[in-house]
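Asker: What shape does this take:
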Amino acid sequence: MTELPEPEAPIGVGPWQGELPTDPRFDPELLHDGDRRNVVDKYRYWTVEAIRADLDTTRSALHIAIENLEHDLNIGSIVRTGNAFNVGGVHIVGRRRWNRRGAMVTDRYLDICHHETPADLSAWAAENGYTLVAVDNTGDAAPLPAAELPERCVLIFGQESSGISADLSAVATQRVYIPQYGSTRSMNVAAAAAIAQYAWILQHRT
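Answerer: Below is the predicted model:
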């Protein structure tokens with residue numbers, strides 16, 4: 001007789017038990033219905049606005065930029081990682097509409113900026129004192145483990161199929177690549193973005 005799999009435990013928490021809190025950060029609807037969101041325990045039952053306000057107090061100086069030429073599903077995954085590291089902002093370069101599926105609604109907790117062209121991103125970086133760092137396995141890139149990443153930098157990521165475009169790469173003043181030791185020429189861009197962001201964290205937010 002085949003054993004049935006154990007039912008999966010529900011994500012999050014159910015309705016609030018006991019006297020309701022009066023703290024304005026709590027969402028009355030979530031208190032009543034339960035909070036099934038993928039948030040850390042500290043933010044259970046909090047409103048989105050309250051969570052964003054609290055995250056604003058500990059934002060990283062790091063920003064990330066993603067080129068949006070092909071409506072790449074990986075964009076959402078990169079945004080989700082950006083939320084995990086609490087980056088200061090996410091920049092979408094190219095098409096305004098991007099595939100949010102992989103973000104798992106984490107974009108609600110981040111500032112998302114849109115730039116039509118690489119020149120627009122470059123102008124923003126210059127105005128705000130940021131260095132543009134392209135993450136791509138091009139010939140003139142330095143190995144990421146040995147690179148000194150500026151604290152105020154924007155890590156740039158390209159499309160899964162084609163990498164960073166020539167126009168966007170041209171506005172970057174620093175280029176790094178992730179060393180690989182297998183047979184494939186490149187790794188998934190969302191995975192590369194996670195590694196690169198963590199490398200910045202190790203240097204500036206240990």
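Asker: which residues touch the spatially most central residue of the chain?
Answerer: By C-alpha atoms, centre = their mean, the chain has its centre lying nearest to residue 82, at 2.0 Å. Under the criterion of C-beta atoms under 8 Å, 6 or more residues apart in numbering, the contact list for residue 82 reads 64, 90, 106, 110, 197. Every residue, glycine included, has its C-beta placed from N, CA and C.
Asker: Which residue ranges of the chain form helices?
Answerer: With DSSP state H as the definition, the chain shows helices at residue ranges 28-33, 48-56, 74-84, 118-128, 166-171, 189-204.
Asker: got CSV for the ones you listed, with distance to residue 145 too?
Answerer: Formatted as CSV, these follow (distance: least, C-beta to C-beta, whole Å):
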stretch, distance to residue 145
helix 28-33, 42
helix 48-56, 29
helix 74-84, 19
helix 118-128, 24
helix 166-171, 21
helix 189-204, 7
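Asker: Could you check those and tell me which one is nearest residue 97?
Answerer: In this view, the helices of the chain are compared for proximity to residue 97 by C-beta to C-beta, and helix 74-84 is the closest at 10.5 Å.
Asker: quick one: buried residues of the closest one?
Answerer: For helix 74-84, the buried set under the neighbour-count rule, 16 or more other C-beta atoms under 10 Å, comprises 74-83.
Asker: before we move on, the earlier item: select, out of the helices of the chain, the one closest to residue 181.
Answerer: In this view, these are compared for proximity to residue 181 by C-beta to C-beta, and helix 189-204 is the closest at 13.7 Å.
Asker: so which of the buried residues of helix 74-84 comes closest to residue 116?
Answerer: Sorting the buried residues of helix 74-84 by how near they are to residue 116, with C-beta to C-beta, puts residue 75 at the top with 16.1 Å.
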